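Chemist: The sequence and its predicted three-dimensional model are supplied below.
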Amino acid sequence: MNDLKNDVDSLVGTTGLLDAGNRRTFIKTALGTGFAAAVLPVCAQTMIKTDTVGLTAGEVSVMVNGTKVPAYRAQPEGKTNLPVILVISEIFGVHEHIADIARRFAKLGYLAIAPDFFVRQGNPAVYPTIAELNKEIISKVPDEQVFGDLDAYVAWAGQNGGNPDKIGINGFCWGGRIVWLYSARNPKIKAGAAWYGRIVGEKSALQPQHPIDIAPTLKAPVLGLYGGKDGGIPVATVEQMKEALAKTGNKSEFIVFPNSGHAFNADYRSSYVEADAKEGWKRAIEWFKSHGVG
């Protein structure tokens with residue numbers, strides 16, 4: 001529920017048609033295009049657009065327990081043995097911004113994969129409100145399902161130009177929480193970057209653990225990127241995670257941007273803080289490279 005509140009807090013408007021001069025309308029034609037209805041209107045003025053020149057980019061899929069799970073993939077054209085980054089979306093799915101993040105990684109020499117974790121529950125893009133999106137999609141997604149999809153794409157990467165010994169994971173909000181959890185679960189993960197991912201929360205059958213619970217078993221170093229003004233993720237919980245990890249000797253680090261709130265990297269929202277987003281991206285790339293993913 002806190003993930004939902006965090007995303008609600010940084011929405012830029014309500015569902016509706018947008019004027020073509022400076023906004024984008026909701027057009028969802030393929031994975032990695034358009035935006036979820038619940039985040040409309042988006043801020044076209046600040047959106048970053050990364051082209052596909054020199055890249056192989058588009059939809060791929062794997063079968064996981066009888067379900068075809070699609071993903072948006074971007075990688076340097078014609079190259080192999082690439083370091084791999086798993087890109088984990090917010091609650092709004094693999095929309096235009098998430099695909100652009102994958103292309104940004106690909107431009108730096110990575111095989112980037114952004115799986116559609118919500119394919120079994122439905123299409124998050126079509127729900128006009130956060131409440132409906134939560135009820136019909138997010139509340140029904142088990143962590144174990146997400147981990148299974150990630151396991152499948154880790155295997156896929158090794159067979160499709162990726163280096164299985166150089167795998168990192170990068171996620172935002174809902175996806176930031178997954179970064180922490182999956183980094184503790186899969187020993188192939190060399191490093192993670194968790195952008196404003198929830199650290200503590202109520203447990204349930206579908207979410208039996210949260211990042212604070214896996215701190216004792218976390219081996220991979222994770223860079224936590226958080227906003228000091230994030231009303232949904234108090235800095236106190238970041239400090240709580242720091243203390244838990246300090247007891248284990250884990251080399252994870254945190255950067256708290258004092259002037260940013262939630263979703264400060266989301267350049268399609270009014271929550272975007274350009275300076276902190278650029279610094280966070282720079283630090284994340286340095287983090288991956290310094291931990292063998294690059």
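Modeler: Yes, it's here. Quick caveat, the model's predicted, so the values are computed rather than measured.
Chemist: residues touching residue 209, list them.
Modeler: The contact partners of residue 209, by C-beta atoms under 8 Å, 6 or more residues apart in numbering, come to 143, 181, 203. C-beta coordinates here come from the backbone N, C-alpha and C atoms, glycine included.
Chemist: actually residue 251, not the one I typed
Modeler: Residues near residue 251 by C-beta under 8 Å, 6+ apart: residue 221.
Chemist: how about a cut-off of 10 Å?
Modeler: Listed by C-beta atoms under 10 Å, 6 or more residues apart in numbering, the contact partners of residue 251 are 191, 218-222, 245, 291.
Chemist: Can I get the residues you listed in TSV including distance to residue 175, neighbour count and secondary structure?
Modeler: Listed next are the contacts of residue 251 as TSV, based on distance: C-beta to C-beta, whole Å; neighbours: other C-beta atoms under 10 Å; DSSP: H, G, I helix; E, B strand; the rest coil:
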residue	distance to residue 175	neighbour count	secondary structure
191	15	27	strand
218	17	22	coil
219	20	13	coil
220	16	25	coil
221	18	18	coil
222	13	29	strand
245	20	22	helix
291	19	19	coil
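Chemist: can you give me the strands for the stretch 51-200 of the chain?
Modeler: 55-64, 67-76, 82-88, 111-115, 162-172, 189-195 (DSSP state E, counting those that start in this stretch).
Chemist: Surely residue 128 touches residue 136?
Modeler: No: using C-beta atoms under 10 Å, residue 128 is not in contact with residue 136, being 11.3 Å away.
Chemist: just to revisit the earlier point, which one of the strands of the stretch 51-200 of the chain lies closest to residue 148?
Modeler: strand 55-64 (5.6 Å; C-beta to C-beta).
Chemist: What's the mean pLDDT across the closest one?
Modeler: Across strand 55-64, pLDDT averages out at 98.
Chemist: what pairs with the residue nearest to residue 291 when sequence neighbours are not counted across the strands?
Modeler: Nearest residue to residue 291 in three dimensions, chain neighbours excluded: residue 191, at 3.7 Å (C-beta to C-beta, 6 or more residues apart in numbering). Note on residue 191: beta-bridge partners by DSSP bridges are residue 168.
Chemist: Identify the residues contacting the residue nearest to residue 220 when sequence neighbours are not counted.
Modeler: Leaving aside its chain neighbours, residue 220 sits nearest to residue 183 (4.2 Å; criterion: C-beta to C-beta, 6+ apart). Contacts for residue 183 (C-beta under 10 Å, 6+ apart) come out as 168-169, 171, 189-194, 211, 214, 218-222, 250, 252.
Chemist: can you do 6 Å?
Modeler: Under the criterion of C-beta atoms under 6 Å, 6 or more residues apart in numbering, the contact list for residue 183 reads 189, 192, 220, 222.
Chemist: if we can go back for a sec, quick one: common contacting residues for residue 128 and residue 136?
Modeler: Common neighbours of residue 128 and residue 136 (C-beta under 6 Å, 6+ apart) do not exist.
Chemist: where does the chain have its least confident helix or strand?
Modeler: Ranked by mean pLDDT, DSSP states H and E, the weakest helix or strand in the chain is strand 23-24, scoring a mean of 37.
Chemist: neighbours around residue 235, how many?
Modeler: Look at residue 235: counted by other C-beta atoms under 10 Å, it has 15 neighbours.
Chemist: wait, I meant residue 278
Modeler: 11.
Chemist: does it count as helix, strand or coil?
Modeler: Recorded secondary structure, residue 278: helix (DSSP: H, G, I helix; E, B strand; the rest coil).
Chemist: Any figure for the gap between it and residue 213?
Modeler: Taking C-beta to C-beta, to the nearest Å as the measure, residue 278 falls 33 Å from residue 213.
Chemist: just residue 238 next, same as before
Modeler: Residue 238 sits at a distance of 16 Å from residue 213 (criterion: C-beta to C-beta).
Chemist: Comparing those two, which shows the higher neighbour count?
Modeler: When residue 238 and residue 213 are compared for neighbours, residue 238 comes out ahead with 20 against 17, by other C-beta under 10 Å.
Chemist: Kind regards, and thank you for your time.
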